[in-house]
Structures are given as C-alpha cells and as structure tokens.
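K.L.:
Sequence first, then the predicted structure, then my questions.
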Amino acid sequence: MVAITINGKVYNTNADPRTPLLWVLRDDLGLTGTKYGCGVAQCGACTVHIDGVANRSCQVPLNSVGRRKVTTIEGLAENGKMNKVQEAWLAQDVPQCGYCQSGMIMAATALLKTTPKPTDEDIDAAMTNICRCGTYQQIRAAIHEAAKG
Amino acid sequence: MTTQTALNRRTFLASAAAVSGGFSLGFGVPFGGAAAQTADVPEVNAWVVVKADDTVVIRIARSEMGQGTLTGLAQLVAEELECDWSKVTTEYPTPGQNLARGRVWKNYSTGGSRGIRESHDYVRQGGAAAREMLVQAAAKEWNVPAAECSAANSVITHKGSGKTTTYGKVAAAAAKIEPPKEVKLKDPKDWKIAGKGLKRLDTKDKLTGAQIYGIDLKLPGMLVATIRDTPVNGGKLKSFDAAKVEKMPGVKKVVQVENAVAVVANTFWQARTAINALPAEWDAGAGGKVSSDDITAMLAEGLTAENAFIGNRAGDAKSAIAGAVKKVEATYSYPYQHHVTMEPMNCTALWTADKCEIWGPTQNGEAALAAAAEASGHPVAKCDVHKTLLGGGFGRRGRSDYVRQAVLIAKQMPGTPIKLVWSREEDMTHCAYHPVTQCKLTAGLDASGKVVGMHMRISGQSILASLNPQGLQNGMDPVTFQGLNPGGAEGQFGYEIPNLLIDHAMRNPHVLAGFWRGVNLNHNAIYVECFIDEMAKAAGQDPLEFRLKMGKERHMAVLKAVAEKAGYGKAPAGHFHGLAQIMGFGSYVAACAEVSVSDQGQLKIHKIVAGTNCGHAVNPAQIERQIAGSFVYGLTAALYGEVTVKDGAIEQTNFDTYNMMRIDEMPKVECVIMPTNDFWGGVGEPTIAVAAPAVLNAIFAATGKRVRSLPVMNHDLRKA
Ligand code: FES
Ligand code: FES
C-alpha cells in the first residue's frame, strides 16, 4: 500500500510501486484528466505538478513521489473557480479536440508561477508539449492573456 | 436566396418511443452533456428537443473531433429554430437509433470535410420545422392564427395581443403538431447565429479534466486490454506463450484476436507490462521482404510505365511538349505519414449472448456499428455504438479496425466490459498511412514562356485499393485526382493549359494506405504548385504573375488576396515569400509563406497568410482555428513526416522517432476568409495542402534549392 497526496487529498493505492504516476492516477484513482499520449516523455499530455513543478507523470514511478504534493488538472480550480490560465483558455476558445489541453494548461500554469510575464521566447522554451490539432497560436495568446490578468 | 424545400414527412415524425426503446445503455456512462439522455422529454422532431426550462438539445449525427462541426451544425439548426443560443446543448443520437428510425439523421460519416457542407440543408430544415411546430402550438393555445405569431430567441410573440410564451412551455404540445410539409429557409444574409464567430459549445470540460474521452471510460466491472498485432501487414500469428505472462500481477486472460494477441488485465499498465513480456512470433509473409527502397523502386517504375489511368486530359500534351521551345521536367515524391491522433486508438466493448454495445471514438458511427455487428455475430439491430468525443481523428478513426478487435476480445469474456487501449507504439506501427506516391512532371513552354503542354504522371498507392476496393471504377481510383479534376464542385485543376495529361500508374505496396487529413490533395498540391514555380523560373517570370496568366478566376482571386495581404514581393530583408493555391473539398484555398534560411541551413517559417473561399462561412472564428491548425498539421508533415519500412514493418514507433512541430516552430498565421456565399465548401482539410508547397517555394526563393521530396529535415538547406 502506497500513500500519495493528490490535490490536497491522501490516497492509498495497491498499485505496484513501480507503476508510472500517470497510470496510478488514471486507472487506480480514476483521475482521468491527466492524459496518456506517448509514455516516453515526449508529448506532455501527462503533465502534473509535483510540489508546484511541472512533471511528465508517465516518467514518475509511484514510489518516487513520497510525501511531495501532486496537483493534477482536476485540482487547479479553487472552490469551483477555474484558475486564471483556465479562464484565459476559455476566453481564447483554445481547445480543438482538447486531448492535449490538460497538459498544456498544467505546463502554462507552472510557467506563470516562475515567470509571471513570459515573453514569446519564454513560452517557446517552456511549452514543449505536442498539440496535434495545432492550437499553438491560441495557446500563446491565452498565456499572454493569463499573464495580464 | 430563399429555398423552398419539400420535407420527407417521415423525417420529422416525432417518435420519442423509438428513442428510448430497445437500445438502453446498459450502464450509466458519465458522458457529460454531450450524450445526456433526453428520452424523458418528448422531442419536437428528430433534431430538436426543448426541455421545460427552455434548454434546447440539438442532435448531432456527425462526430466532433476538434474540428468544430458540432458547434457549426448546432448554429445552423439554432438559426432556423430562432432559439436562445445561450441555452443550446447537444447530444449524439446513436447509430442504432438512426437505423431504427429509418436513418432519420442520415449520414454519420465524418470525413472529407463534409460535416457541414453535406448536411446544412436538412439540419436547417429540421430547425425550421421545429420552429414552425412550436409557433403553431402557441397559436393553438392562444386560439390565434399561427401567421400572426413570430419567434425569436426562444420566445413566441402574438402581434395583436402582445402575448408571449417560451419554447419550453409549448414544447410538449409542439411534439404533437403535424410537421410542416415544407419549410422556408432563411437567406444567409439574415443569419444571426450562423455566420458568426461564436465560441465552441464544448470547451469547458476540456479545461478541467472533466471531459471524458473513450480512453477515459470506466464501466462497472470493466477490464482493460492492450494488443500486439502482426508487425508486418498481411502477416500471420504463428505462436505465443500465454503461460509466461498469465501469472503476472492483474492479468486476467491472454487471448488471440485473429493475427493479434491481447492481454486483459485490471489496469492498462498491468496489461502493457504483460504484453511486453509475452513471447509471440509471426510469419511476416510476402510483405516481410519489402523495405522502403523496394517501394521507392516500385513507384519509380510507374513513372514511365505504359499503362496509366487518365484523370484529366485536354488536347495532346505529349506532342505539344515534344514540339515546344523549352522543356521543363522534374520528379517529386511524397512519403508514408502517420495521422498521430493525440488520443491513441481505443474502444470499449460489452458482449453478451444476445447483444453487443461499444463505446468509443469513431469518425463513422455507422461503420463502427457494422464492424461491431460483424465481429459480434449478432444482428445489427442487437448492437449499438455510443460515441465519445474524439481526441483527434484526422481520417484515422474512419476505420474500425480497433472496434473489431475490442469486440473480438469482449466476445471471449461475455458479460465483462473490455476497454481496449493501444499503446502509442502499437498505434504508430498499425495504421493506414498517408499513401506513398511519386510524380514526374514534364512541360513545354513557347518562346513567350506560355505553357503549351503539361504531363503529370503520378505513380503510387491508391487509398481505395487499400481500404475500399469496391469503390474503384474499372480499376481506377478517382480520389487520386483530388484537386486535379477537369471541373466539378469538389476540386478542379486550377489552370488553363491547352494540352494537358494527368494520369496515375497505380502501384500498391503491402503497407496499408488510408485517408489522412487532406488525403491526396496534399501531394497533388506540392507536385503542381512547386512545378508551376519551376516553370515560372524557366520562363523567367515571377511565380505570381506566371500563375495569374493561366489561372482560373476563383482560384486566382484567393491567391491574389493572400499575396496582397502578405505584401508579396516586399518581404523584409532576408525573408522570402512562396505561394501556393489549390481547390479541394469544395473550397478554394491559397497561402503565402514567409521564411528565412540561415547560413547554417536553419529554416524559420515566420508567417503564413492563408486565404479561403469556402462558400458559406458558418463560423469564421472556428474556420480561423482550422486554418491555423491545418498549418501545424501540414507543416509537421512537410518538415518531419516520414514513415519508413524495414523488412515489411514500420520503423517509427513513437514521437521520439516521429517528430512533431511544437509551439516554438509555429509561424504567425493570418487568415483571409472570403466567402462568396454561393456554394458550400469544406474547411477542415483543404488548407493543409497549401502549407508544404508554399514553404517549399519560399525555401527555393531563399536558397535556390528545390526540395522535391519530403520531409524537409532530410535536406541540406545551406545555400547552393
Ligand atoms: S504521455 Fe507522458 S510525455 Fe507523453
Ligand atoms: S487540441 Fe487536439 S491535440 Fe491539442
């Protein structure tokens, strides 16, 4: 039995300790907002925050999480209110299929924490997630909008 | 333009019973709003349900996969319905319900950029008929003539008395009104909801993790399966050693699925761990002897072969070229490419002795239903499909191979819902890929540089031969000639050339070819539009001027518009422009790319101005997003897209070997949407085709290097 803290709540899971956090979230804990895209650290669809830092959860074994605090897309809203990145995403009508967007929003939220007013170059460097629908132009606009707000 | 359209009465028979009867879900599935069951409220007609609180539920038959068709179709229904847009929600009727009701929602297939252009008339009629029934119900209640009543924003008003009521209040009565025999559709110039750049209806859940995709489904008692299919298409499963993995944690069963083997477990990770450890052997068959070089040679032979299917012929191209003052010749090629939807293939199936249901992402609900029925061994009427929002489609999910697999696994575990999830590696290596082709172009110019004859010989794979051989016409694949047709509404060749021959030598390797967003237009546009630039160069003329001299009017209107907006010919120092245009999926599109290439050969695409005349622009804001997205799709293909074959198998297995464009490479995209409002064209695909040729032409302008094969990453772009 392994205990992990996700979105402020402690979960106990019987999953094999070597299981990637991504699959613990999705299959054991039913938190399916975090997505599987590649499993090899390439696409960022599985991005979560561990102690506030963006991590690709497909590369994080369950037993390496320890007492650190995990935040997933389901945990971004506070008291039912979306965070400013989510609000900017809504205002810019960003998602197409939406499958990559959990990871994009997690990556953008982490970026704004360390770099509250990112330049285009900052965005290029930090946002390495893949969107196959091609929402990059709207994502850039939404990050700038969130930085204003 | 006001259209009077006769309605098929049966189309609008209110039949709430049919909606709820016979096809119960079996489980309550958390689909969110998109598939909320509304069977408890009588529908006004097949397209419209109004609840007592004035919520309007619009039924959508086509699949939403990011392209925005769900919102666009709802706008068209809502426009005629005259309802309050802020109260609109949508739901998918199932393909089984469609069948049971005489295909009241018609075609479910979502491909070829046809979602709106092929259903705009009957969905608008559905909205208009519902409006009339609601108005009549109110008039009846007030005992006044319906003609004295009007509807706007879900409110019905009687002129004389000033009485008002809302749709929600009269919906139940409207359901009992005889549907009108014919309805008048609005003139698009009076549109208030359609034609506007409204936000999508399906955004919010995508921002919070609440949106459920097929891969996220969880049904009570469900198990998760993953699969390994023959590495070489056409190969046969020889053996596998289930005993080696059956005792692994969580594993429930190891099953054979035709020439594939699957592991069923409690979770995906358990299934995946076990299948990676499972010893299995295949007999590769004839395909196992084929590698990329063999395919290249096979196609090269077709470039000069005697026999070919003719797609477009005018005059006598060969003798005109032979007698011309100047001859231009070039050979191009286009590789296999993969769709790479962000959500890997998946499907959930439940098989019992008397029925079969599936849940999952499909671009073609009815084809998925047919596949499920065939695999299940049950009659179609005992099967149904519950569509989920697609995490990307791009043509890949028009096929139902993964549906068949899921049902064949579930059939071996009756009563247990099975969610089949492919790994990305399985997904990359088991696809029907963008077809591989080569093209030899030969042209003759006269002394003034005018093109007197052109021969375009395409050699390569046919999608229809691969996926749908019964669609061939005397062996010919007409889809091969997308954008090259002599005329027609779908995609005509854009230039007047007196002696023209466009033909296709079909060469079909063992690797499956399939419909890939943009389809054959993608390579055809590169071949034509890059070669036009080559001819302009030979003629000593500017590529824009050269095109305008022989281009057809509507094609050139869009091209001129992008050239003007981009400041063609006036690129900033060190930047260079390239142009391309084509007609496809019923629309006219063009692009002007602005690039620079460093001394080290580093390409940067700074900006692309894109033009489209899609006839009617139902939602300009979503069209802009489709255009920007089309460049990401088309440029990823142009820069990085190449699937190669070794010993019959696909070599690329994941994003680390099949690169994707990220945000840092995204050019600024500006759109010129210029609808002429006299036809209905597609939006999701055509622009992809101009991405690569515009950039390749700009690369030539920048470097003097003519890239004739994709992807660009294989070429050294340092100045010649
Ligand atoms: S699934 Fe983790 S980076 Fe792609
Ligand atoms: S919105 Fe579809 S992959 Fe990004």
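P.N.:
Perfect, thanks for sending it. Ligands and ions are numbered 1, 2, ... in the order given.

K.L.:
how close does B:F585 sit to B:D121?
P.N.:
Using Cβ to Cβ, to the nearest Å, we find B:F585 at a distance of 18 Å from B:D121. C-beta: built from backbone N, CA, C; applies to glycine.

K.L.:
neighbour-wise, which of those two wins?
P.N.:
Higher neighbour count among B:F585 and B:D121: B:F585, with 26 against 14, using other Cβ atoms under 10 Å in any protein chain shown.

K.L.:
in chain B, what residue is nearest chain A?
P.N.:
Here chain B gets closest to chain A at one residue, B:G209, 1.9 Å apart by Cβ to the nearest Cβ.

K.L.:
What sits closest to that residue if chain neighbours are left out?
P.N.:
For B:G209, ignoring the flanking residues on the chain, the nearest one in space by Cβ to Cβ, 6 or more residues apart in numbering or on different chains is A:G33 at 1.9 Å.

K.L.:
picking that back up, got the phi and psi for the residue of chain B closest to chain A?
P.N.:
Dihedral pair for B:G209: phi 80, psi 0, per degrees, to the nearest 10.

K.L.:
Report the separation between it and A:V70.
P.N.:
Distance, B:G209 to A:V70, by Cβ to Cβ: 13 Å.

K.L.:
Please apply the same query to B:A691.
P.N.:
Per Cβ to Cβ, B:A691 is found 39 Å from A:V70.

K.L.:
How about B:W105?
P.N.:
Taking Cβ to Cβ, one finds B:W105 at 43 Å from A:V70.

K.L.:
picking that back up, more neighbours: which of B:A691 and A:V70?
P.N.:
Just comparing B:A691 and A:V70: by other Cβ under 10 Å the higher neighbour count belongs to B:A691, 33 against 25.

K.L.:
Now that one: closest residue in space, sequence neighbours ignored.
P.N.:
B:G634 is the one closest to B:A691 (Cβ to Cβ, 6+ apart), at 2.8 Å.

K.L.:
and that neighbour, how many neighbours does it have?
P.N.:
So B:G634, with other Cβ under 10 Å, has 29 neighbours.

K.L.:
Secondary structure element for it, which one?
P.N.:
Using DSSP states H and E, B:G634 sits in helix B:620-640.

K.L.:
quick one: buried residues of that helix?
P.N.:
Buried positions in helix B:620-640, judged by neighbour count with 16 or more other Cβ atoms under 10 Å in any protein chain shown: B:620-640.

K.L.:
Run through the neighbouring helices and strands of the next helix or strand after that helix.
P.N.:
Helices and strands here follow DSSP H and E; after helix B:620-640, the next one along the chain is strand B:645-646. Judged by 3 or more Cβ pairs under 8 Å, 6 or more residues apart in numbering or on different chains; DSSP states H and E, strand B:645-646 is in contact with helix B:292-302.

K.L.:
Output the contacting helices and strands for the helix it packs on.
P.N.:
Judged by 3+ Cβ pairs under 8 Å, 6+ apart, the packing partners of helix B:292-302 are strand B:437-445, strand B:451-460, strand B:645-646.

K.L.:
Next up, the contacts around the closest residue to chain B within chain A.
P.N.:
Chain B sits closest to A:G33 of chain A, with a gap of 1.9 Å, by Cβ to the nearest Cβ. For A:G33, the contact set (Cβ atoms under 8 Å, 6 or more residues apart in numbering or on different chains) comprises A:72-74, A:102, B:208-211.

K.L.:
From the residues you listed, pick the one nearest B:Y336.
P.N.:
Within the contacts of A:G33, proximity to B:Y336 (Cβ to Cβ) peaks at A:S102, which comes in at 30.5 Å.

K.L.:
okay, the closest one: pLDDT?
P.N.:
At A:S102, the model reports a pLDDT of 98.

K.L.:
can I get the helices and strands packed on helix B:292-302 in TSV with mean neighbour count and mean pLDDT?
P.N.:
Formatted as TSV, the helices and strands packed on helix B:292-302 follow (neighbours: other Cβ atoms under 10 Å in any protein chain shown; pLDDT from 0 to 100):
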stretch	mean neighbour count	mean pLDDT
strand B:437-445	25	98
strand B:451-460	25	98
strand B:645-646	18	98
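
K.L.:
How much space separates the residue in the stretch 601-720 of chain B that ligand 2 sits nearest to from B:M674?
P.N.:
Using Cβ to the nearest ligand atom, the single residue of the stretch 601-720 of chain B nearest to ligand 2 is B:G629, 8.1 Å away. According to Cβ to Cβ, B:G629 stands 19 Å off from B:M674.
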